[in-house]
Every structure is written in structure tokens, then in C-alpha cells.
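**Student:** what shape does this take:
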Amino acid sequence: MQEIVTVLPWEGLDVSKETFDAALYLPLSQGELPRDILTLPRASFSRTLNGVKNFLTWTFPLREKAGLPGGRMRAVMESTGRYSSELAVWPAKEASFTHPAVRGCQGHS
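**Tutor:** Just a heads-up that it's a prediction; the model follows:
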């Protein structure tokens, strides 16, 4: 019996005091080659509750086009203290924090 694996979309967030930049990595189809990071959908938003709403609205058509409407996403962002902590709880979804030194090693793995 073949196991069914559900892969969630990933959002990479770069958080600053007033804004956050987002890139969305959607799951690959079977046999699809990994995407070039420079071709990922990306946009900037204000670091406010309204900015989070705009971000989620921006992701919906991208996820729907990929066959992943609504639902959960996973977020990864550098820990920037209060700025990233607030952003992690505002949308009430899964978030992963990385220390800047560890994040720099991720590109080498």
C-alpha cells in the first residue's frame, strides 16, 4: 500500500520593523524539478494586522492555482524578537523561527 503524504506550502518571511517580505514555495508535482528561488512568487506587506490580511489574501489565488486552496501553510522566518513574534501569532498559523547563524547554514545543506 502506498502512503499518501500531504505537503504544505512554505512561506519564507523576512521581517523588519515596518514591513515584511514574503516568498511562497508551493509543493512540487511528482517528477517536477526543484524551483529556482529567484522565480518564487514574492511580495512586500506592512507589518500590521491589515498587512497580514493582505498577505493571506495574496497567497490564496497562488495556492488555489496549485490545487491547494485555503488550509494551512508553514512559515519560516528569522527570529527578530518582537517583530517576528507578533507576526507569528497574528495569522494564528504554524511558524518556525531560526537563529541568524543557523539560517546562514541552511543554504549549504
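**Student:** how about the longest helix anywhere in the chain: buried residues?
**Tutor:** Looking across the chain with DSSP state H, the single longest helix is helix 49-65. Within helix 49-65, the residues scored as buried using 16 or more other Cβ atoms under 10 Å are 51-52, 55-56, 59, 63. Every C-beta, even on glycine, is put in place using the N, C-alpha and C of the backbone.
**Student:** and stretch 29-44, by the same measure?
**Tutor:** So, applying 16+ other Cβ under 10 Å, buried residues of stretch 29-44: Leu40.
**Student:** got any ranges where this structure has weak pLDDT?
**Tutor:** Filtered on pLDDT under 70, the chain yields the residue ranges 1-8, 69-72, 91-109.
**Student:** just the CA atoms of stretch 67-80, as CSV, please.
**Tutor:** Only the C-alpha atoms of stretch 67-80 are listed here, as CSV (Å, rounded to 0.1, in the frame of the first residue of the first chain):
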residue,chain,number,x,y,z
GLY,A,67,-4.5,22.9,-6.2
LEU,A,68,-4.1,23.9,-2.5
PRO,A,69,-6.9,26.3,-1.8
GLY,A,70,-7.3,27.6,1.8
GLY,A,71,-5.9,25.5,4.5
ARG,A,72,-2.7,25.7,6.4
MET,A,73,0.8,26.9,5.4
ARG,A,74,4.1,26.7,7.2
ALA,A,75,6.1,29.8,7.8
VAL,A,76,9.8,30.2,8.4
MET,A,77,11.4,33.4,9.5
GLU,A,78,14.5,34.7,11.3
SER,A,79,13.9,35.4,14.9
THR,A,80,13.8,39.2,15.2
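**Student:** what's the spacing between that stretch and its chain's center?
**Tutor:** Here stretch 67-80 shows a centroid-to-chain-centroid distance of 4 Å under the convention Cα atoms, centre = their mean, to the nearest Å.
**Student:** Glu78 against Ser85, yeah?
**Tutor:** No: in this structure, Glu78 is not within contact of Ser85 by Cβ atoms under 8 Å, at 11.7 Å.
**Student:** who touches both of the two?
**Tutor:** Listed as contacting both Glu78 and Ser85 by Cβ atoms under 8 Å, 6 or more residues apart in numbering is no residue at all.
**Student:** no more questions from me, cheers.
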